[in-house]
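S.K.: Mind looking at a prediction? Sequence and model below.
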Amino acid sequence: MKIVSANGADIPAIGLGTWELRGEQCTQLVETALQGGYTHIDTAQMYQNEREVGAGIRASGMNRDNLFVTTKIWPENYATDDFARAADERLEFLDCGTLDLLLLHWPPQAVSMAEAVAGLNKAKRTGLARHIGISNFTVQQVEEAVALSDEPLVCNQIEYHPLINQDKVRAACARHGLAVTAYCPIARNQVADEPVMRDIALRHDASPAQIALAWLAGHGDVISIPRSSRPERLADNLKAMRISLSEDEMAEIGALTARDLRLVDPESVRPRWDTA
């Protein structure tokens, strides 16, 4: 499995996103993914499926030391006491030992950045999480969080796919050694509507979705966490990690980012996004 290294963390370059997966379906998909070769699972407090994710991890029979488990805390829990309780709850719900990565799910609004980052730092210092990071942070927020953190931040999880330009925030992450974790990496399959993606897919006997994942992996510092509710798609996503795109193909796909298509933009928590 390809690994992305960032500030002391070794993160599998592809993982299973679990947003919208619920109940027994969630547990079975996690179990199937891990038994099929995945080693990275991503969930969150807001997804309300951590118990099911944890059950799938245990049912898989995989050695926990060989897995990478990420979860996130929702902004309404960033105040100091609330953060500590929420962090303990994540550990309890997943029931899979120490978290590999704990993230702030969205930038703080009701509390200061300093207070939110302090909560993350405490989670690492007390051994609750091996690594810490951020999600949906803009360039300015990446800079602020890094400056405030006594512990290294290892990633910024953002919407990233061939139809959105994330050059500025990727550059900010690179300056500080953070990896980028891409959610919605196939743009909810809108990549399949692009002739360029279809043409390159034909050259590689692959699907446009696989080409999108290969493009992200081709950057070297990007991790993808595609969500799938279909077991047969799990193996297809892993196979994408074996596709090698040429420089010209990487550039052809990169030109599509000019569309700057953002799919996830919840009014209650969104920051002022960086312009392309």
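M.R.: Good, I have the coordinates.
S.K.: Can you identify each of the helices in the stretch 151-276 of the chain by residue range?
M.R.: Using DSSP state H, counting those that start in this stretch, the helices assigned to the stretch 151-276 of the chain run over residues 167-175, 195-203, 208-217, 231-240, 247-254.
S.K.: Please identify the most buried of the ones you listed.
M.R.: helix 208-217 (a mean of 26; mean count of other CB atoms under 10 Å). C-betas here are computed from N, CA, C, even on glycine.
S.K.: Who are the packing partners of that one?
M.R.: Here helix 208-217 touches helix 195-203, strand 222-224, helix 231-240, helix 247-254, going by 3 or more CB pairs under 8 Å, 6 or more residues apart in numbering; DSSP states H and E.
S.K.: Which residues are in contact with the residue nearest the centre of the chain?
M.R.: In the chain, the centroid-proximal residue (CA atoms, centre = their mean) is residue 181; its distance is 4.0 Å. Residue 181 makes contact with 11, 42, 70, 135, 155-158, 222-225, according to CB atoms under 8 Å, 6 or more residues apart in numbering.
S.K.: now residue 167
M.R.: With CB under 8 Å, 6+ apart as the criterion, the residues that contact residue 167 are 257, 276.
S.K.: Give me the distance between the two termini of stretch 185-203.
M.R.: With CA to CA, to the nearest Å as the measure, the first residue of stretch 185-203 is 21 Å from its last.
S.K.: List the contacts of that stretch.
M.R.: 160-164, 207-213, 216, 224-226, 245, 249, 252-253, 255-256, 261, 263.
S.K.: among the contacts of residue 181, who's most crowded?
M.R.: residue 156 (30 neighbours; other CB atoms under 10 Å).
S.K.: Name the nearest residue to residue 73, sequence neighbours excluded.
M.R.: Distances taken as CB to CB, 6 or more residues apart in numbering place residue 86 nearest to residue 73, at 4.9 Å, with adjacent residues excluded.
S.K.: Quick check: that neighbour is in a strand.
M.R.: No - Residue 86 sits outside any strand when classified using DSSP: H, G, I helix; E, B strand; the rest coil, being helix.
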